[in-house]
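Q: Any chance you could fold what I've pasted below:
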Amino acid sequence: MSQADPTIPFMPWYRVPEVWLILILLGSTVIGSFALLAEAINTPDTHIVVPDDVPRPSRIPPINPAVPAANNEVKDHGPAS
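A: This next block holds a predicted model:
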């Protein structure tokens with residue numbers, strides 16, 4: 001095994017500025033994650049109500065197409081989806 005070179009000065013980890021940069025970035029990420037988690041837990045889910053909206057189980061179009069009007073009049077078919 002090779003011996004450590006005694007001419008290289010030893011520097012403790014807490015004196016290296018890059019280590020502090022990494023620790024601060026990781027620490028702020030963890031603190032921010034817990035803050036977002038606490039906000040998500042404490043905020044109730046809201047139900048968005050759209051006026052004149054009909055409940056739809058899916059976006060699949062109906063199997064039977066709409067029957068066109070006999071006299072080709074423009075009629076109100078309700079709200080557009």
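Q: Name the SS class of residue 44, please.
A: coil (DSSP: H, G, I helix; E, B strand; the rest coil).
Q: ok, it to residue 5 distance?
A: According to CB to CB, to the nearest Å, residue 44 and residue 5 sit 63 Å apart. From N, CA and C alone the C-beta is placed, and that goes for glycine too.
Q: What of residue 18?
A: Taking CB to CB, one finds residue 18 at 22 Å from residue 5.
Q: Could you do residue 19 as well?
A: For residue 19, the distance to residue 5 (CB to CB) stands at 22 Å.
Q: cool, residue 41 as well?
A: For residue 41, the distance to residue 5 (CB to CB) stands at 54 Å.
Q: And for residue 12?
A: Taken as CB to CB, the span from residue 12 to residue 5 is 18 Å.
Q: do the same with residue 13
A: Relative to residue 5, residue 13 is positioned 19 Å away (CB to CB).
Q: now the chain, which segments are flagged as low pLDDT?
A: Applying pLDDT under 70 to the chain picks out residues 1-2, 4, 55-81.
Q: ranges for the helices of it?
A: Remark: helices assigned in the chain by DSSP state H are 17-42.
Q: the more surrounded of residue 19 and residue 5?
A: Using other CB atoms under 10 Å as the criterion, residue 19 and residue 5 rank with residue 19 on top: 12 against 6.
Q: so who does the more buried one touch?
A: Counting by CB atoms under 8 Å, 6 or more residues apart in numbering, residue 19 touches residue 13.
Q: any idea how far residue 32 is from it?
A: As judged by CB to CB, residue 19 and residue 32 stand 20 Å apart.
Q: same question, residue 52
A: Distance, residue 52 to residue 32, by CB to CB: 41 Å.
Q: same question, residue 7
A: 44 Å.
Q: more neighbours, the two?
A: With neighbours defined as other CB under 10 Å, residue 7 and residue 32 compare such that residue 32 has more, 10 against 5.
Q: ok, that one to residue 25 distance?
A: Note on residue 32: its distance to residue 25, by CB to CB, is 11 Å.
Q: and what of residue 40?
A: Separation of residue 40 from residue 25 (CB to CB) stands at 23 Å.
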